[in-house]
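# give me a 3D structure for the following:
(one chain, ligands or ions: 1)
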Amino acid sequence: MRGLVKRFGATVAVAGLDLDIPAGSFYGVVGPNGAGKTTTLSMATGLLVPDEGSVLVHGVDVWGRPRGAAASLLGVLPDGLRLFDRLTGAELISYAGMLRGMDREVVAERRDDLLQALDLVGAGSTLVADYSAGMTKKVALACALVHAPRLLVLDEPFEAVDPVSAGAIRGILQRFVEAGGTVVLSSHVMALVERLCDHVAVVAGGRVLAAGTVDEVRGGQDLEERFVGLLGGGLEHAELTWLRPSSG
Ligand SMILES: Nc1ncnc2c1ncn2[C@@H]1O[C@H](COP(=O)(O)OP(=O)(O)OP(=O)(O)O)[C@@H](O)[C@H]1O
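Reported below is the predicted structural model:
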């Protein structure tokens, strides 16, 4: 990513962001609320037009012509996803595969594998509208995986997901990276990023504050200490004096 900028009215969500993500890395993107992570990942994956800047995925310009040339390389789990929720989970995964131009039988095979791997077999024939938050996240992840992309970009993939399913997803992603794939994920859970990722970028105010291997960025501290050191301060002193049941 080079020089990415996105403004929403007077708000500068992303303020000239540069980031190199090595192919084959497991890359974590962390940052406080409103840092610009979702906006950046949306621009990086062709979902949101940048005001300025460029993005290359394996050498393919995401915003160049023809539009969509990078799409087959990418599997995306967007934040705040809007899915076609009048489809069942199984139908939605099939639909995602068919959209990618995949063969019907291959789609059916992978759909069944994904439902199994993500513990959604029992929910395969339930409408996505009736899914819980975690089930919705998992079916959206299945849609991002079905065409076997080279790069996965996942916005908070573990949010709302139960520990057993989270373990299954971690396993899927680790095996994907071992097999040469690249994963970029955003998360607020530093322990998870430390455990899973080999690289991390700390984003704040629409810029990269620190980026590199996890060891480089944490510099001998744990990642959470480093994160709070880079960004913290202020909040711990805020006191809600009225929020004392005994004072009423
Ligand atoms: N569609 C939009 N319209 C207006 N402002 C927006 C829009 N999307 C994002 N913003 C603003 O851009 C800034 C960055 O938001 P973004 O969602 O990228 O942050 P984030 O790092 O993903 O935050 P979080 O960790 O809370 O998910 C925020 O100030 C947000 O209010």
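# mind listing the helices for this structure?
With helices called from DSSP state H, the chain shows them at 37-44, 89-99, 104-117, 133-145, 163-178, 190-196, 214-218, 223-231.
# do the last one and the ligand meet at all?
In other words, helix 223-231. No. Interface with the ligand: helix 223-231 contributes nothing (CB under 6 Å from any ligand atom), its closest point being 11.7 Å away. The C-beta positions use only the backbone N, C-alpha and C, and glycine is treated the same way.
# pLDDT of that helix, averaged?
In this model, helix 223-231 has a mean pLDDT of 90.
# turn the helices of the chain into CSV, columns for mean neighbour count.
Rendered in CSV, the data for those read as follows (neighbours: other CB atoms under 10 Å):
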stretch, mean neighbour count
helix 37-44, 25
helix 89-99, 21
helix 104-117, 16
helix 133-145, 22
helix 163-178, 15
helix 190-196, 17
helix 214-218, 18
helix 223-231, 18
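# nearest to Ser125, out of those helices?
helix 89-99 (6.4 Å; CB to CB).
# so what does the closest one touch, helix or strand wise?
Using 3 or more CB pairs under 8 Å, 6 or more residues apart in numbering; DSSP states H and E as the contact test, the elements touching helix 89-99 are helix 104-117, helix 133-145.
# for it, give me every contacting residue.
Residues lying outside helix 89-99 but in contact with it, judged by CB atoms under 8 Å, 6 or more residues apart in numbering, are 83-84, 87, 104, 106-108, 110-111, 114-115, 120, 123-126, 128, 131, 135, 139, 142-144, 146-147.
# cool, stretch 241-248 as well?
Contacts of stretch 241-248 from elsewhere in the structure, counted by CB under 8 Å, 6+ apart, are absent.
# just the CA coordinates for it, please, in PDB.
Below are the C-alpha coordinates for stretch 241-248, written out as PDB (Å, rounded to 0.1, in the frame of the first residue of the first chain):
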ATOM      1  CA  THR A 241     -17.500   9.500  40.100                       C
ATOM      2  CA  TRP A 242     -21.300   9.100  39.700                       C
ATOM      3  CA  LEU A 243     -20.900   5.400  38.800                       C
ATOM      4  CA  ARG A 244     -20.700   4.300  42.400                       C
ATOM      5  CA  PRO A 245     -23.700   2.300  43.600                       C
ATOM      6  CA  SER A 246     -22.800   3.200  47.200                       C
ATOM      7  CA  SER A 247     -22.800   7.000  46.500                       C
ATOM      8  CA  GLY A 248     -26.500   7.100  45.500                       C
END
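# got the contact list for the residue nearest to Ala71 when sequence neighbours are not counted?
With CB to CB, 6 or more residues apart in numbering as the criterion, Ala71 has its nearest non-adjacent residue at 6.4 Å, and that residue is Gly46. Neighbour list for Gly46: Val62, Trp63, Arg67, Gly68, Ala70, Ala71, Leu74 [criterion: CB under 8 Å, 6+ apart].
# restrict those to those that also contact the ligand, please.
Checking the contacts of Gly46 against the ligand (CB under 6 Å from any ligand atom), there are no matches.
# sounds good, over and out.
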